Structures are given as C-alpha cells and as structure tokens.
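Enquirer: Based on what follows, work out the 3D shape:
(one chain, ligands or ions: 1)
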Amino acid sequence: MLAKREFTVADEYRYNWSSPVRWIASHLLRYKFYVFGFMLLCIATNALYASISFLTGSAFNTILNKGTAISQLGVIALSLLGIIVCQGICDLGARLFAEILSKRFARNAREELYTSLLGKSQTFHNRQQVGDVMARASNDMTQLSDMVSPAFDVIFDSFTSLAINVLFISLVNPQLLLVPGLYIIAFFFALRRYSRQLSPVSDQMREEFGKTNAVLNEAVAGIEVVKATAQEKQEVRKFITRASRYRDFYVENGKIQGRYLPTLILGVALALAFLHALYLLSQHQISLGALITFMGLCTNLRFVTFMSIWSFGLVQLGISGARRILSLMKEETEMDENAGGHHEQMRGEIVFDHVTFSYGETPILKDISFRARPGQTVAIVGQTGAGKSTLTKLVNRIYDVNEGSVMIDGIDVRDWDMDGLRSQISTIEQDVFLFSRTITENIGYGLGSKADRAAIEAAAHDAQAHEFIESFPHGYETEIGERGVTLSGGQRQRLAIARALLTDPRILILDDSTSAIDSATEDEIQKAIRRLLEGRTTLLITHRLSQIRWADSILVLRKGELIDQGTHEELLARCETYRRIFSHYDSAIPASASSGD
Ligand SMILES: Nc1ncnc2c1ncn2[C@@H]1O[C@H](COP(=O)(O)OP(=O)(O)OP(=O)(O)O)[C@@H](O)[C@H]1O
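Expert: So this is what the prediction gives:
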C-alpha cells in the first residue's frame, strides 16, 4: 500500500502488492473456502475419472477369467455408472467454484484500481494516457478473470489429473512408471522453456494493446478536430502502425505456441509406453487388463499436455495484466488525504506567503505573496500563460507549492484534512466538466446523496438556469451527453454556478466563468454571480471588466511574478502593465457589456 493517498475507503481490504503473483494470490486467498473447495472437488473429479480406467481394466480381466460369474460384470458396470454420476457432480462444483473465484477477483481488482486512481494526485493523472488507463481497467481486468477461469482452473485440474494418473499407474505396476516418468521430466523442462519464451511477448502484447487503445481514445475524444482539419487519413495511419505492432506480438505469441514441444513428445511417449507394457505382458509381469488400464491412464496424460498450450498462454497474459495494473496502483503520488488533519468551518482567509511553484523544471509562479480577507474578492489579471489558473490550483491542493506556503485561516493547506479543505472550496473552471448524468445529479454532485430537489431548483433559479432547464422535455431529469456536449457553453457554466451555489463554499474560484455567456443573459448572470460571491472569499480570473472592478483587490501577474496589487483605481494610476491589460480587456468587451460597466 502507498504511504500517500488523497482518498481512501473505510475498512478497505489490504492485498499484497509485493509482486504480481503475490497480489493475485492475496486476492484469491480472500476466499479460502472457494479456493480449497475447488481444489478438493478437482482432486475428487480426477480420482473418480482415473478409476474409470481401473474398472475398465478389471472388466477385461473379469471377462478373460473364464470362471467368474457374469454378475461381477454387472457390479462393475453399476460402479462405473455411480462413479460417472459422482464425477459429473464434483466437476460441476469445481467449475462453479472457479467461476465464482474468477468473477470476485475481477470485481475486487476493479474496485481496488478505481479507488486507487481516485486517490492519485492531479500530477499523476496528467502523466497518464486515458486510453492506456482504460485498457488496464477493462481489458487487463478481463485477462485476470480469464486467468483464474478457465486457465488456473484447467491447470490445477490437469496437473491433479497428472498426479492421480501417475499414482494409479504405480498401483497397477510400479515398473510401468518408467516411460510416463521420463515423459513428465521432459514435459516440465519443455513447459518451463515455453513459459519463459511466452512471458516477454505477453508483456509486450499487453503494453501494445494499451498504446493502441490510447491512440484510439485520443482520436475519438478529439473527433471534432480530426474532422474539422480533415486528418482522418493521418489518424488511420497512426492507428494502423500501432495495431500492426500489436499484431506482430500476437503472431509471435502464436509462433511460440506452434513450437510447443510436449504434444510431439507425448506421441513418442505413448508409443514407447505401449511397447514397454507389451514387453511386461510378454514377460507375464502384468495382465492384459493391467495393460488396458495402463494405456487408458497414459491417454489421460493428453489432457495436461494439450491444455497447457493455451492455459499457460492465458496465465502469462493474466500475469502481464496484473503487472500493469499493479504498476499503475503502485505509482507514487505526491499528496495525502491527511486524514485527521485540521478540519473546521472555514472563515475564508487566504494567504500566499512567498510561494514558488513549477510543474517541471521551470518555475511557473515565483515568490508570490498576497492576502485575501474573508469575504473579499481578489481578481487575478495577466497575459495568457502568466500563471493565473495555476495560482488558484494551489489553494485547494490540486498541486502543492514547491517553496513558501499557502494558508487558509492561518493554517497551511498541507495541514488541513484534504476532504475538509476541498469540500469548502468550489471551483468553476473555464472548461466546465459535466457528467453524462441527469441535470439534477450534475447540480447536486458536490453534495452527493444529500442534495434535495427543492434546494437544487433554488440553486438553478439563482444561477439563472431554471428557465432553460424547464424548456427541455425532461426538465431536471434530462440526461446530459458525455462532458455536457448537448448543452451550450453558457448553459454549462450556469449549471456549474448552480452546483457551486448548492455546496455553499467558503472559498470560490471563478476561472473565466462567464466568458461563454451571451450578452443577452449577461445582466442576469452578473446578478447570479454577485449572489454567488456574497460572503465568500473569491479568487476571480475573468475578462469581464465589470467583475474586475468589483474586486476588493487585483493581482497583476506577469510571467509568474506578482508585479503589483491593489484596487482598480490604484493600479490604473500606477501600473503600466495593468493599464495595458485593462485597455486590451476593454476592447475585447462587446459594446453592450461595456456600457453596462
Ligand atoms: N498541467 C500542466 N503541466 C505543465 N505545464 C502546465 C500545466 N498547466 C499549465 N502549464 C503551464 O503553466 C503556465 C501557466 O499556465 P496557466 O494555465 O496557469 O496560465 P493562465 O495565466 O491561467 O493562462 P490563460 O489566461 O491562457 O488561461 C503555462 O506556461 C502553461 O504552459
């Protein structure tokens, strides 16, 4: 388990992460009853199956032994029937237990990965390709499930069958063990070589599959750009290149399977075993019935031989999948939920004390210091790329500072309980994210199941969203398309404002929040925003002059440095950069909006 996580689930089951195999074992051993039940049922199935050959041999001996009564044959036939029925029941139980184990394993591993991803920092998620993460969460998970059932199931079953058949052969006549013994030694060496050859190819296959998925995911997510720039051919080429690499490893995998030696060795072994048994028969060391039993038991060795080709292939793919899932979960994350940290109702004072921050090598924010008192609105202005959005992301710890500190109510944000901190800060970003759920669920998202319908409608009213929501045929129950594509930019932002109003945060971060709203609704939106800001400390990034003017204080950023701060009038009077930005914003504002300022 990782030392740092942003999110944990109460009473979480701890699995062993020290290696992929141990991780798999710890998942399976969570259900010991099913694991041992499966093993016992497999052993019973195989013992019963092997005894069929035994009884067939005794039937031959009975027939050849002229003095015996026909009733003895009847007893053997009835015993065979009973054995077959019992074997069928045990077989059914073993398969059922294996299936239960496989599905529970996949379900628990999915849950573990999902929880782990939710607990990772934003920096971690910035590093990942969504398509690759999805491939791990879906396809690699399926490989895990297939590895347990049918692969493990068949492997355990076939190796139990091997052991029991060998045991039964030794009961017929220990001398008969010679050829099967030599075969088993050769089989194990060949199998070890096969697994070693297969392992790197399986790893590469899973890796290539993830990359192919990432290319596909990116093209589908950016389909508008692909179409608008007529780059379908380029995307197809990229995809084919990736898919061909995956195919090459798939073919390589097939070649290794094709070179699987034990099937050939088994053919030779069966012929030698027959010769050996004939020799022993000619020496009167075994009966004809024993020879038939022996050959029946030898033929059962085919099962383990043939099944190993694909079952070991599936196991290798499962282990490769487990390795990829585990490596994602084990990747260190920078932040911790800090459970037990400072947690109380915020007043809303924000202090930046000599803050320096960088995403990589180059500092994006340099030595920033300012104070926002509770309830104040602080606007942040600066050219594009100056670091305005980055600065706001340090307040709710999307990222942590490199130097200096960000304090809320006098406590460093790193000492706050993560949940307590984030639940009292709301952000409305430039690119509002909505879930493909109903409007009610989207507005109530920040409160989870606690949101009631009346409060949601009141928030929508205040955000000037009620009217357009009601105009939809399903009103508040309208399903929003993925990422909110079925709504206009302005509608998305009003839903975001409603969401923020509902959570009633002490601190609000508004990042260019009204830029997509047309001038006709501008006045109403201004009202909604004023209501939203009332009594909350707000960090405001906007191109709206009217909003900048309301601000109690304005920070002027240039290339990550805070070059001045003060009120609109103060800055107009003394800050050349502010005047320049201000004149730029002014000209960017439509005439109707400007006149309202
Ligand atoms: N996740 C990230 N990883 C690496 N660099 C980033 C990341 N996000 C932003 N940057 C870089 O940080 C710098 C500041 O970006 P930021 O988004 O804070 O600027 P901004 O002032 O808000 O710009 P805009 O007004 O265009 O939104 C930019 O140079 C940008 O390239």
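
Enquirer: Could you list the low-pLDDT ranges of the stretch 51-200 of the chain?
Expert: Within the stretch 51-200 of the chain, the stretches falling below the threshold (pLDDT under 70) are 66-69.

Enquirer: Minimum distance to the ligand, which residue of it gives it?
Expert: Scanning the stretch 51-200 of the chain for proximity to the ligand using Cβ to the nearest ligand atom identifies Asn126 as nearest, at 4.9 Å. For every residue, glycine as well, the C-beta is placed using N, CA and C.

Enquirer: Am I right that that residue sits in a strand?
Expert: No. If the criterion is DSSP: H, G, I helix; E, B strand; the rest coil, then Asn126 is helix and not within a strand.

Enquirer: What degree of burial does the nearest residue to it once chain neighbours are set aside show, as a neighbour count?
Expert: Sequence neighbours aside, Tyr359 is the residue nearest to Asn126 in space, at 8.0 Å (criterion: Cβ to Cβ, 6 or more residues apart in numbering). When neighbours are counted by other Cβ atoms under 10 Å, Tyr359 registers 11.

Enquirer: Would you mind measuring from Tyr359 to Tyr49?
Expert: Taking Cβ to Cβ, to the nearest Å as the measure, Tyr359 falls 63 Å from Tyr49.

Enquirer: Over to Leu555?
Expert: When Cβ to Cβ is the yardstick, Leu555 and Tyr49 sit 79 Å from each other.

Enquirer: Report the central residue of the protein.
Expert: Ala137 (3.6 Å; Cα atoms, centre = their mean).

Enquirer: secondary structure class for the spatially closest residue to it that is not a sequence neighbour?
Expert: Spatially, and ignoring its direct neighbours in sequence, Ala137 is nearest to Leu113 (5.8 Å; Cβ to Cβ, 6+ apart). Under three-state DSSP, Leu113 falls in the helix class.

Enquirer: For stretch 166-184, list the C-alpha coordinates in PDB.
Expert: What follows is stretch 166-184, C-alpha atoms only, in PDB (Å, rounded to 0.1, in the frame of the first residue of the first chain):
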ATOM      1  CA  VAL A 166       0.700 -41.500 -12.100                       C
ATOM      2  CA  LEU A 167      -0.400 -42.700  -8.700                       C
ATOM      3  CA  PHE A 168      -2.800 -45.200 -10.300                       C
ATOM      4  CA  ILE A 169      -0.100 -46.400 -12.800                       C
ATOM      5  CA  SER A 170       2.100 -47.100  -9.800                       C
ATOM      6  CA  LEU A 171      -0.700 -49.100  -8.300                       C
ATOM      7  CA  VAL A 172      -1.100 -51.200 -11.400                       C
ATOM      8  CA  ASN A 173       2.600 -52.000 -11.500                       C
ATOM      9  CA  PRO A 174       5.500 -49.700 -10.400                       C
ATOM     10  CA  GLN A 175       7.600 -50.800 -13.400                       C
ATOM     11  CA  LEU A 176       5.100 -49.200 -15.700                       C
ATOM     12  CA  LEU A 177       6.100 -45.700 -14.300                       C
ATOM     13  CA  LEU A 178       9.300 -45.800 -16.400                       C
ATOM     14  CA  VAL A 179       8.000 -44.200 -19.600                       C
ATOM     15  CA  PRO A 180       5.400 -41.800 -18.000                       C
ATOM     16  CA  GLY A 181       8.200 -40.700 -15.500                       C
ATOM     17  CA  LEU A 182      10.600 -39.800 -18.300                       C
ATOM     18  CA  TYR A 183       7.800 -38.100 -20.200                       C
ATOM     19  CA  ILE A 184       6.900 -35.900 -17.200                       C
END
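
Enquirer: what does that stretch rub up against?
Expert: Here stretch 166-184 makes contact (Cβ atoms under 8 Å, 6 or more residues apart in numbering) with 50-51, 53-54, 57, 162, 165, 265-266, 269, 272-273, 276-277, 280, 285-286, 290, 293-294, 297-298, 301.

Enquirer: can we see that at 6 Å?
Expert: 50, 269, 272-273, 276, 286, 290, 293-294, 297 (Cβ atoms under 6 Å, 6 or more residues apart in numbering).

Enquirer: How about stretch 274-283?
Expert: With Cβ under 6 Å, 6+ apart as the test, stretch 274-283 has contacts from 179, 286, 291, 294.

Enquirer: Give me the buried subset of those.
Expert: 179, 286, 291, 294 (16 or more other Cβ atoms under 10 Å).

Enquirer: so the second one, which of the three states?
Expert: With three-state DSSP as the basis, Ile286 sits in coil.

Enquirer: Now do the contacts for it.
Expert: 173, 280.

Enquirer: and it, backbone torsions?
Expert: Dihedral pair for Ile286: phi -140, psi 160, per degrees, to the nearest 10.

Enquirer: before we move on, the earlier item: in the contacts of stretch 166-184, which has the lowest confidence score?
Expert: Ranked by pLDDT, those bottom out at Ala50, which has 82.

Enquirer: Give me the three-state assignment for it.
Expert: helix.

Enquirer: contacting residues for it?
Expert: Here Ala50 is in contact with 164-165, 168 (criterion: Cβ under 6 Å, 6+ apart).

Enquirer: got those as a markdown table, with neighbour count and distance to the ligand columns?
Expert: What follows is these, written out as a markdown table (neighbours: other Cβ atoms under 10 Å; distance: Cβ to the nearest ligand atom, whole Å):
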| residue | neighbour count | distance to the ligand |
| --- | --- | --- |
| Ile164 | 22 | 60 |
| Asn165 | 25 | 61 |
| Phe168 | 21 | 66 |
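
Enquirer: got the residues of the stretch 301-450 of the chain near the ligand?
Expert: Applying Cβ under 6 Å from any ligand atom, we find that the stretch 301-450 of the chain lies next to the ligand at 359, 364, 382, 384-390.

Enquirer: Between these, which sits nearest Leu502?
Expert: Nearest to Leu502 among those is Ser389, at 23.4 Å by Cβ to Cβ.

Enquirer: And for the closest one, nearest residue in space, chain neighbours not counted?
Expert: Asp511 (5.7 Å).
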